[in-house]
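Q: Here is a sequence with its predicted model. Questions after.
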Amino acid sequence: MSTISVKLESEQEYNVTIGTDLLPKCGEIISSVHAPCRVALITDFTVGAIYTNTVADSLKKEGFEVFIFAFYAGEASKNMENYGKILEFLADNEITRSDIIVALGGGVVGDLSGFAAATYMRGIPYVQIPTTTIAMVDSSIGGKTSIDLEAGKNLCGAFWQPIAVICSVDTLSTLEKRYFDDGVAEIIKYGMLGNEKILRILNDCIATQSNSYHALKPFLEEIVEESINTKISFVESDVHDNGRRQFLNLGHTIGHAVEHASRYAFSHGQAVAIGMCAIARAGEATGITEVGTAKYLEQLAQGVGLPISTIISVDDLYNSALSDKKRRGKEISLIVPVKIGKCEITKVSIEELKHILDLGVK
Ligand code: GLY
């Protein structure tokens, strides 16, 4: 087991605990940062069926009173309706500002519960217990909370930091392979942003095994810890995403366009993998990116079962990219790999983005 202390600029410090079989101990971990109180345990039906009892029992053993709210799993649930239902649930169960929310599940549960925590009574404490790869290495860290609007993903949200994050890597064993692989795209991203250890582990694993979960199983705690440390290094001095945190968007501008234009047939991680490969190809074509970087990324992504290209037309991707919330006026900040392990931020006009899509998407 390991603990990372997260100290973000102007925010309360909190710990991320990483280990195996932590769910039966989550009551103990949470009671070390918050006195026993009422807990709204929010989850989805899929994760809830497997882990709710263990988490609830552990909390009750430490003197917490537990109230459970569950909704259908999937991105479609991260909406205004469930957000409203959660707020009413909190009020009906007399949750106050001295109580807490515990989010048990993947990114949808974490984002939705976090946004409810950020806004209910103008903000109450919450704990993240991520149970998917993507939630462990990305969405549970850094305090971005949100719901989706009809117009797009994550368009309504707030920055609100948890008081603790508990990553029990054994929960990844019950994930469908495609959901496990989804998070590996974000792990590759941390490698491309400079974490050499991650790239070494991924390359060694690909060389020996084709199933990414089985290959990475012996390294899960290490790779989750490395990923979180890398993410924190980009967030700590830029919590509100105006500068350095934007590096975490590597592959995401084209990735979000792929998700949107495919009507979410491509998952987030799949789309990010396509986005990273596309921007590396475009970077090579324009002379910004060292030749060979795109090939390296393609091999890595394919080696863990992720796609590297799409047949969606450039026009459709371009139209989808225009609705991206990262666009500021007529400019978009793109993260472009300079070489393996080094990226840079480049501001491009929306017209230039069309050209980049032409060069990178195949
Ligand atoms: N997922 C990117 C970020 O948290 O900034």
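A: Perfect, I can see it now.
Q: C-alpha from now on. contacts and neighbour counts both.
A: Will do.
Q: Where does the stretch 251-362 of the chain get nearest to the ligand, which residue?
A: H252 (8.9 Å; C-alpha to the nearest ligand atom).
Q: Just list the residues touching that residue, thanks.
A: 271-272, 275-276 (C-alpha atoms under 8 Å, 6 or more residues apart in numbering).
Q: Swap in 10 Å and give it another go.
A: 186, 246, 258-259, 268-269, 271-276, 279, 321, 324, 326, 334-335 (C-alpha atoms under 10 Å, 6 or more residues apart in numbering).
Q: Please flag which of the residues you listed sit within helices.
A: Cross-referencing the contacts of H252 against helices under DSSP state H gives 186, 258-259, 268-269, 271-276, 279, 321.
Q: Dump the residues you listed to TSV, plus distance to the ligand.
A: Converted to TSV, these look like this (distance: C-alpha to the nearest ligand atom, whole Å):
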residue	distance to the ligand
E186	9
V258	16
E259	15
H268	11
G269	11
A271	14
V272	11
A273	14
I274	16
G275	14
M276	14
I279	17
A321	17
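Q: how many neighbours does the residue of the chain found nearest the ligand have?
A: Of all residues in the chain, the one sitting closest to the ligand is L248 (5.2 Å; C-alpha to the nearest ligand atom). A count of nearby residues for L248, using other C-alpha atoms under 10 Å, gives 19.
Q: distance of it from N242?
A: 12 Å (C-alpha to C-alpha, to the nearest Å).
Q: now do L357
A: L357 is 24 Å from N242, by C-alpha to C-alpha.
Q: Please identify which of the two sits among more neighbours.
A: Neighbour comparison, L357 and N242: the larger count goes to L357, with 22 against 9 (by other C-alpha under 10 Å).
Q: Just confirm the more buried one is within a helix.
A: Yes: under DSSP: H, G, I helix; E, B strand; the rest coil, L357 falls within a helix.
Q: where does the spatially closest residue to E11 that is not a sequence neighbour land in three-state SS?
A: Using C-alpha to C-alpha, 6 or more residues apart in numbering and skipping residues adjacent in sequence, the residue nearest E11 is Q161, 7.6 Å away. At Q161, secondary structure determined by three-state DSSP is coil.
Q: Surely Q161 touches N15?
A: No: applying C-alpha atoms under 10 Å as the test, Q161 and N15 come out as separate, 11.1 Å apart.
Q: Alright, I will stop here.
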